[in-house]
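Trainee: here's a sequence, model it:
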Amino acid sequence: MVASEGTEQSGAGLPRRLLALATSAAWILGSLTIGYLLWPSSLGGCTTLTIVSGRSMEPTYYTGDLVVSRCGDVEVGDVIVYNPPNVGAARVIHRVIDGNADDGWVVQGDNNDFLDPWEPSGDQILGHAVLHIPQLGRLAGILLSPLTWISLLIVALAIVVWPGKAKGDDTGSDDDPDLPAEAAPAPGAPQVDEVLV
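Mentor: Got it, this is the predicted structure:
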């Protein structure tokens, strides 16, 4: 009877182990998928996160909106993110209104009455918009700010370095005038620290 109970218990643990294994596999697969989808183009991936700044794309996008763009084929009507030539790392997010991949795309902001002076093509285009999250860019801007990280580091350092009150140190210092005379050690008497065993 004892042997059969042991067999039942080990057999009952198998579904639990399989469930734990399946859960772990799902987490790993989900993490890899999210990592693949969010891998930035600056590191060889296909995703570009853009925080909108300015009014040129209103009412489609407003300042502070976060736009996720992915590489792929571009068509007229798509909103694209591109690096104009000779402007450093600046990015423009505007709509394609004409052109083609070979000669370049004609782009314009939804709120602009003029065309962009650049006609991006090829590697200048970082991607086309696939996801828009209103105002999330404001929060991301705060989190990406060096001032935020410096402030957090200072607070963390203060928490680690700040002198705290030791446990059991409820008595005042020897120089405390409010300390009762009977609690103060006698002059020349050895100090004994309480040791708990």
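
Trainee: going forward, measure contacts and count neighbours with C-alpha atoms only.
Mentor: Fine.

Trainee: report all helices and strands that the longest helix seen in the chain contacts.
Mentor: Using DSSP state H, we find that the single longest helix of the chain is helix 2-38. Applying 3 or more CA pairs under 8 Å, 6 or more residues apart in numbering; DSSP states H and E, one finds that helix 2-38 contacts strand 47-51.

Trainee: just the angle between the strand it packs on and helix 2-38, please?
Mentor: 60 degrees (axes from the mean of the first three to the mean of the last three CA atoms, to 10 degrees).

Trainee: how far does strand 47-51 sit from the chain's center?
Mentor: Put simply, strand 47-51 sits 13 Å off its chain's centre (CA atoms, centre = their mean, to the nearest Å).

Trainee: what's that strand packed up against?
Mentor: Using 3+ CA pairs under 8 Å, 6+ apart, the elements in contact with strand 47-51 are helix 2-38, strand 66-70, strand 125-133, helix 136-144.

Trainee: what's the spacing between the shortest one and its chain's center?
Mentor: Chain-centre distance of strand 66-70: 15 Å, with CA atoms, centre = their mean.

Trainee: following element in sequence after that strand, please.
Mentor: Tracing the chain past strand 66-70, the next element assigned as helix or strand by DSSP states H and E is strand 79-82.

Trainee: so which elements touch that following strand?
Mentor: Applying 3+ CA pairs under 8 Å, 6+ apart, we find strand 79-82 packed against strand 92-100, strand 125-133.

Trainee: buried ones in the last one?
Mentor: In this case it means strand 125-133. The neighbour-count check on strand 125-133 (16 or more other CA atoms under 10 Å) flags 125-129, 132 as buried.

Trainee: can you list those in TSV and add distance to residue 14 and pLDDT?
Mentor: Converted to TSV, these look like this (distance: CA to CA, whole Å; pLDDT from 0 to 100):
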residue	distance to residue 14	pLDDT
125	52	91
126	48	90
127	47	92
128	47	94
129	46	94
132	44	92
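
Trainee: for residue 115, state which of those residues is nearest.
Mentor: residue 125 (16.7 Å; CA to CA).

Trainee: thought that closest one was touching residue 83?
Mentor: Yes: judged on CA atoms under 8 Å, residue 125 makes contact with residue 83 at a distance of 6.5 Å.

Trainee: distance-wise, check the closest residue in space to residue 134 that isn't next to it in sequence relative to residue 131.
Mentor: The shortest distance from residue 134 to any non-neighbouring residue, by CA to CA, 6 or more residues apart in numbering, is to residue 65 (4.4 Å). Distance, residue 65 to residue 131, using CA to CA, to the nearest Å: 10 Å.

Trainee: which helix or strand contains residue 54?
Mentor: Counting by DSSP H and E, residue 54 is part of no helix or strand.

Trainee: ok, residue 147 next?
Mentor: helix 146-161.

Trainee: helices or strands up against that helix?
Mentor: Secondary elements touching helix 146-161 (3+ CA pairs under 8 Å, 6+ apart): none.
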